[in-house]
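Undergrad: here's a sequence, model it:
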Amino acid sequence: DLNQQTPTEYRADCVLSLRTNATSQPRMMLVVEVQRSKDKNKHYSWPMYAAETYGRFRCATDVIVFCADEKVAEWARQPSPGFMRNSFQPIVIGPAEVPKLTSAAEVAAKPGLGLLSLLFHAEAAENLAIAEETLKNLALVENKVHQKLYMDMVFYLLQNLTQQELHKLWEAFMNDSTRY
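TA: Numbers count the residues shown, from 1 in each chain. This next block holds a predicted model:
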């Protein structure tokens, strides 16, 4: 009901604005969602996120959904039920869209992709070496708030490592980060 006294509030996980410079109007808005499991309501709320953001900022808007599980990503890729001729389909990024980096050299060349690879392919046997290289490259991130967030993600993903493996990883990071 568009005339309802108390409208339903929709909250996305994250909304990013892309701007030419810090003081300019947004050129594009990205609504970012992390989807861990299937939720039948999301196919109805994602279009609302896009419409609300588009209406508020009056610029191009996309919804991006990150799914660590490929079955959830397949589900999320289905178009939302449409209204008359229209349907809505978010951009979905799942394991199939993120390459599995398997060498420290690949991660060193593309640290951001290294972090995504670690996030989407956490079960890989070579994760310790990849995580070590990812952490080394995260030491170069200038924004310390972002750096801590990324590092927390890496350690969360590797929580099933043995104490000895975690200790080795932390030592390697601390020894290497002193160079930066």
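Undergrad: so for the protein, the centremost residue is which one?
TA: Note on the chain: the residue nearest the mean C-alpha position is residue 66, at 5.5 Å, using Cα atoms, centre = their mean.
Undergrad: kindly check the end-to-end length of stretch 31-47 for me.
TA: 10 Å (Cα to Cα, to the nearest Å).
Undergrad: list the contacts of that stretch.
TA: Here stretch 31-47 makes contact (Cβ atoms under 8 Å, 6 or more residues apart in numbering) with 10, 12-16, 49-50, 53, 61-69, 72, 75-76, 78, 80-81, 88, 90. Backbone N, C-alpha and C define where each C-beta goes, glycine included.
Undergrad: show the buried residues in those residues.
TA: Buried members of the contacts of stretch 31-47, counted by 16 or more other Cβ atoms under 10 Å: 12, 15, 49-50, 53, 61, 63, 65-69, 72, 75-76, 80, 88, 90.
Undergrad: next helix or strand past the helix or strand encompassing residue 65?
TA: According to DSSP states H and E, residue 65 maps onto strand 60-66. The C-terminal neighbour of strand 60-66 among helices and strands, as given by DSSP H and E, is helix 70-76.
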